[in-house]
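J.: Just the structure for this:
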Amino acid sequence: MQSDSQSNVAAADALTLLLHNQHALAAAIEEVTRWLSANGVQAVADNAVMAMETLDTNAKAITEAILRIRRS
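T.: Now for the predicted structure:
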């Protein structure tokens, strides 16, 4: 059985990987958004921007959780 410390490290590591995924998804959506804007599909680009804002908000919350777990 893992100790609380080991469990915290594992949880923080898993959240860190999820955070990296958040950043990768945001970068991909940003590229698609640029293409959409350049090709006159502004309404869809605007929706993509809203998705990126959600990713950013959630990334901040994940970062805070990682920091709390790593401090405990």
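
J.: Check which helix or strand Leu8 maps to.
T.: Small correction: residue 8 is Asn, not Leu. helix 4-38 (DSSP states H and E).

J.: Show me how far that helix is from its chain's centre.
T.: Helix 4-38 sits 4 Å away from the centroid of its parent chain (CA atoms, centre = their mean, to the nearest Å).

J.: Packing partners of it?
T.: helix 42-71 (3 or more CB pairs under 8 Å, 6 or more residues apart in numbering; DSSP states H and E). Any C-beta I mention is one placed from the backbone N, CA and C, and that applies to glycine too.

J.: I'd like to check which residues are in contact with the residue most central in space within the chain.
T.: Centroid-nearest residue in the chain, with CA atoms, centre = their mean: Gln22, separated by 2.5 Å. Going by CB atoms under 8 Å, 6 or more residues apart in numbering, Gln22 touches 55, 58-59, 62.

J.: Just the pLDDT for it.
T.: Gln22 carries a pLDDT value of 94.

J.: Residue ranges in the protein under the pLDDT threshold?
T.: Within the chain, the ranges that satisfy pLDDT under 70 run 1-2.

J.: let's go with 90 and repeat that
T.: Filtered on pLDDT under 90, the chain yields the residue ranges 1-4, 72.

J.: And the residue nearest to the centre of the chain, how far from Ala59?
T.: 4 Å (CB to CB, to the nearest Å).
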